[in-house]
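**Student:** using only what follows, build the 3D model:
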Amino acid sequence: MSVDGREASPDARVGRTVRVTGPLLEAEGVADVAMGEILHVGEDRISAEVVAVEGGRATMQAYEYTGGVRVGEAATGSGQPLTGLFGPGLLGAAFDGLMRPLTSAPIWLRSDRPESVASDDRRWHFVPSVALGDAVTAGDVLGTVPDSGAVEHRVVVPAGASGVVSWIQDDAEVGSLDVVARIGVPQSGALGADSPGPPETEVRLSERWPMRRPRPFSERLTEPVPLHTGQRVLDLFFPVARGAAAAVTGGFGTGKTMLLQQVAKWCDADVIVYVGCGERGNEMADVLDDFGRLVDERTGGRLVDRTVVVANTSNMPMMARELSIYTGISIAEYYRDMGHDAVVIADSTSRWAEALREFANRRGDLPAEEGFPADLSSQLAAFYERAGRVTTLGGQEASVTVIGAVSPPGGDMSEPVTTITQRFVRAMWMLDRDLAYARHYPAVQWSGSFARDTDYLARWQTVHGDPEWAARRASALEILAEADRLSSLAEVIGVGSLPGRERMVVLGGRLLREAVLSQNALSPNDAFCSGGKGAALLTLVLEVISACHDAIDRGATATAVERLDFGPVIRASQDVGPSDAAGVAAIRERMLAEIGALP
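**Tutor:** Model prediction:
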């Protein structure tokens with residue numbers, strides 16, 4: 001991350017540290033210090049953000065390892081808030097929580113010391129999109145950088161700027177910090193020959209932006225549009241809209257990281273920002289390796305070429321973990337302002353909250369529930385509210401979708417981070433330990449999960465050619481709930497003791513779990529499921545269940561129905577291609593004919 005990007009001037013405000021306690025630093029003597037300002041401490045110029053000012057003493061949270069920092073070392077004010085440098089070179093790269101580049105070796109995540117993503121010796125091909133004299137406003141595209149990742153990198157007019165293009169860079173190679181355009185304010189009247197004209201706005205290839213400040217947009221759009229994740233249990237039962245917030249919650253070993261990685265690989269967003277917040281280093285190494293090898297179905301290139309990885313692993317400085325969340329969503333907003341749909345995968349917000357708790361305890365703040373700071377709720381709300389589907393300043397529709405993981409200690413769903421998160425997300429995907437241990441993937445609990453935008457997305461599905469979407473979902477959830485109830489009873493009295501129709505409900509629940517809800521992440525046909533195939537699979541199972549009930553009503557025995565080979569139904573997801581809805585329909589016709597032949 002570029003905190004300031006400039007060397008301290010000779011007359012910089014310099015104070016002295018008076019306290020060093022882990023990531024907590026205190027300094028005195030820095031003139032006119034402000035909340036949120038970055039101070040550089042010690043010979044290594046460790047970056048620390050001011051979080052409290054009392055009298056002449058500033059309390060700071062350090063974003064780097066403070067080992068070796070002594071009382072009395074210099075604390076130099078930068079005069080700037082926590083600021084990132086955004087430009088070409090983000091896609092396909094990995095950064096730490098301070099947005100400093102990591103080495104390309106996937107198993108050795110080491111932070112290179114540079115404080116900015118821009119490299120003085122790297123050149124980019126800039127292609128102008130406007131001409132001299134064109135009138136432009138905030139958000140308009142000035143040019144593109146075609147060699148920066150798998151999605152089009154657009155250089156746009158910054159917020160607050162408008163006017164006439166007084167100079168534009170020709171089609172050429174430019175540096176990351178070079179000026180590519182100047183925008184002058186139109187003159188409303190004649191000026192004297194010696195009168196200076198209005199100031200011009202210089203637009204550089206890369207721009208700086210405060211990480212904790214949301215980027216502006218023109219309008220928030222309220223009509224939901226589904227984000228297709230490629231995971232059937234999510235798309236068919238607990239969908240998330242573009243620009244909404246969702247959370248995956250579950251205890252250790254339930255498959256949260258695996259599900260998030262599948263969403264990152266297969267969702268239909270333009271840009272993926274994967275934030276490893278406090279994760280183990282080997283997991284982040286696996287993410288880098290998988291994304292580097294996986295072929296992107298949308299572009300034909302590598303998935304990593306439209307992905308930004310922010311890796312702040314558990315062995316990295318604690319408060320950089322807190323910062324990595326804002327780093328990730330600021331990167332997503334940067335691409336949103338270009339007109340792209342971005343998804344932020346935050347794994348996990350629980351470890352982010354733990355960093356807040358540890359620092360609050362070091363400050364001596366009055367603890368709230370389970371030791372978390374009293375403002376945990378407002379901090380979680382401030383993070384999730386940066387998601388949204390908007391009209392950009394340039395008039396394009398774009399979105400930032402946030403999907404966070406919650407790791408409740410011991411699987412306790414009543415702990416503060418989980419309960420607070422439920423207030424602010426539009427979808428909650430709860431993972432079940434029993435399903436995970438039974439090798440049912442994804443282990444999404446259909447009784448505890450929810451999606452608040454279901455009714456709105458059902459209307460979208462109706463408008464776009466699938467009026468039965470809501471009815472299929474409701475029927476399937478009803479069967480699953482009844483099957484769970486009867487399964488508990490059958491464990492006591494035996495399935496054979498149940499009436500025929502209730503045995504068909506138990507059979508239907510098993511078919512739904514194995515043929516629809518379960519998905520093989522290692523199968524080339526089943527790792528991703530298109531919307532058409534998912535709808536066809538659910539229709540297949542529901543019609544097979546209905547045909548079984550009809551057979552019972554005609555006088556067929558439940559035993560005769562249960563002896564049928566339902567293997568083609570269970571294997572349909574893996575026997576046909578990821579988008580082969582017609583193949584599923586053919587299996588449905590054969591199964592219905594076989595069930596209809598029963599006496």
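**Student:** give me the element the most centrally placed residue in the chain is part of.
**Tutor:** Geometric centre of the chain, nearest residue: residue 344, 1.8 Å, by Cα atoms, centre = their mean. Applying DSSP states H and E as the criterion places residue 344 in strand 341-347.
**Student:** now residue 274
**Tutor:** Residue 274 belongs to strand 271-277, assigned by DSSP H and E.
**Student:** looking just at contacts, which helices and strands does the very next helix or strand once past that strand meet?
**Tutor:** As assigned by DSSP H and E, the chain's next helix or strand after strand 271-277 is helix 281-293. Contacts defined by 3 or more Cβ pairs under 8 Å, 6 or more residues apart in numbering; DSSP states H and E place helix 281-293 against helix 256-266, strand 271-277, strand 307-312. Where C-beta positions appear, they are placed from N, C-alpha and C, glycine not excepted.
**Student:** helix 281-293: which residues count as buried?
**Tutor:** Of the residues in helix 281-293, 281, 283, 284, 285, 287, 288, 291 count as buried by neighbour count, 16 or more other Cβ atoms under 10 Å.
**Student:** send me stretch 17-35 as PDB with only the CA atoms.
**Tutor:** Provided in PDB are the C-alpha atoms of stretch 17-35 (Å, rounded to 0.1, in the frame of the first residue of the first chain):
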ATOM      1  CA  THR A  17       7.200   7.500  20.800                       C
ATOM      2  CA  VAL A  18       6.400   7.100  24.500                       C
ATOM      3  CA  ARG A  19       4.800   3.700  24.500                       C
ATOM      4  CA  VAL A  20       5.200   0.500  22.500                       C
ATOM      5  CA  THR A  21       2.800  -2.400  23.300                       C
ATOM      6  CA  GLY A  22       2.600  -4.800  20.300                       C
ATOM      7  CA  PRO A  23       0.700  -3.100  17.600                       C
ATOM      8  CA  LEU A  24      -0.300  -0.200  20.000                       C
ATOM      9  CA  LEU A  25       2.000   2.800  19.800                       C
ATOM     10  CA  GLU A  26       1.700   6.200  21.500                       C
ATOM     11  CA  ALA A  27       3.600   9.300  20.500                       C
ATOM     12  CA  GLU A  28       3.900  12.900  21.700                       C
ATOM     13  CA  GLY A  29       5.000  16.100  20.100                       C
ATOM     14  CA  VAL A  30       3.500  15.600  16.600                       C
ATOM     15  CA  ALA A  31       2.000  19.000  15.800                       C
ATOM     16  CA  ASP A  32      -1.600  19.200  14.500                       C
ATOM     17  CA  VAL A  33      -1.900  15.400  14.400                       C
ATOM     18  CA  ALA A  34      -5.300  14.300  13.100                       C
ATOM     19  CA  MET A  35      -7.500  11.200  13.500                       C
END
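**Student:** let's test this: name the helix or strand in this structure with the lowest mean pLDDT.
**Tutor:** helix 281-293 (a mean of 81; mean pLDDT, DSSP states H and E).
**Student:** now do it: distance to the chain's middle.
**Tutor:** 17 Å (Cα atoms, centre = their mean, to the nearest Å).
**Student:** got it, and stretch 242-260?
**Tutor:** 10 Å.
**Student:** can you check stretch 166-175 too?
**Tutor:** Offset of stretch 166-175 from its chain centre (Cα atoms, centre = their mean): 34 Å.
**Student:** same deal with stretch 74-82?
**Tutor:** Stretch 74-82 sits 30 Å away from the centroid of its parent chain (Cα atoms, centre = their mean).
**Student:** so the strand holding residue 274 versus helix 256-266, what angle?
**Tutor:** Per axes from the mean of the first three to the mean of the last three Cα atoms, to 10 degrees, the angle that strand 271-277 makes with helix 256-266 is 160 degrees.
**Student:** how about the secondary structure of residue 389?
**Tutor:** strand (DSSP: H, G, I helix; E, B strand; the rest coil).
**Student:** who does it form a beta bridge with?
**Tutor:** Judged by DSSP bridges, the bridge partners of residue 389 are residue 399.
**Student:** mind checking how far it is from residue 453?
**Tutor:** According to Cβ to Cβ, to the nearest Å, residue 389 and residue 453 sit 11 Å apart.
**Student:** what do the two both touch?
**Tutor:** 224, 241, 244 (Cβ atoms under 8 Å, 6 or more residues apart in numbering).
**Student:** tell me the domain ranges of the protein?
**Tutor:** For the chain, automatic domain parsing gives the domain ranges 14-81, 220-451, 469-596.
**Student:** in a markdown table, list these along with distance to residue 125.
**Tutor:** Converted to a markdown table, the domains of the chain look like this (distance: least, Cβ to Cβ, whole Å):
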| stretch | distance to residue 125 |
| --- | --- |
| domain 14-81 | 30 |
| domain 220-451 | 16 |
| domain 469-596 | 33 |
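**Student:** can you tell me which of those is nearest to residue 203?
**Tutor:** Set against residue 203 and scored by Cβ to Cβ, those come closest in domain 220-451, at 13.4 Å.
**Student:** ok, now which ones touch the residue nearest to the centre of the chain?
**Tutor:** Residue 344 touches 273, 275, 328, 329, 332, 387, 400, 401, 402, 403, counting by Cβ under 8 Å, 6+ apart.
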